[in-house]
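Colleague: I'd like to go over a predicted model; first the sequence, then the structure.
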Amino acid sequence: MSYSYVDLVATIIVVVGFVFMNYGLVALFAPRNPNQGEKLETYECGELPFDDALVNFNIRYYVFALTFFVFDMEAIFLYPWAVVFDALGVGALIEMFLFLLVLAIGLFYAYKKGVLHWV
């Protein structure tokens, strides 16, 4: 085995050893208090909680978030392309317009389906 592999294997062994050592130390020194109901409650600025912390969100929030994510990815692809546009040429311009066309079609579809309406 070459030295680089020996170093890699030694590092993996040390890391796995630290992980199991930490699990062992937690199991050894962690307090065992079965009555932790109050510790599992949600903390609300020193006030007693008046409702459950788990609230169901309307599905429209998720769809709106995914739509935002798609257009955020569009910005991630568009900004570097704009920086090196001169070096890429006409082919890259056509490809970017096709990419933006697909996104525009998706936005139009989302608008027609009512995803962007909140009321």
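Modeller: Perfect, thanks for sending it.
Colleague: For the residue positioned nearest the centre of the chain, pull up the helix or strand it's in.
Modeller: Centroid check for the chain by C-alpha atoms, centre = their mean gives residue 69 as the closest residue, at 10.4 Å. Using DSSP states H and E, residue 69 sits in helix 59-83.
Colleague: Give me the contacts around the helix or strand following that helix.
Modeller: The helix or strand immediately downstream of helix 59-83 is helix 85-88, counting by DSSP H and E. The contact list for helix 85-88, computed with C-beta atoms under 8 Å, 6 or more residues apart in numbering, reads 81, 92, 93. Placement of C-beta: from N, CA and C, glycine included.
Colleague: mind redoing it with 7 Å?
Modeller: The contact list for helix 85-88, computed with C-beta atoms under 7 Å, 6 or more residues apart in numbering, reads residue 92.
Colleague: That helix: how far from the chain's middle?
Modeller: 32 Å (C-alpha atoms, centre = their mean, to the nearest Å).
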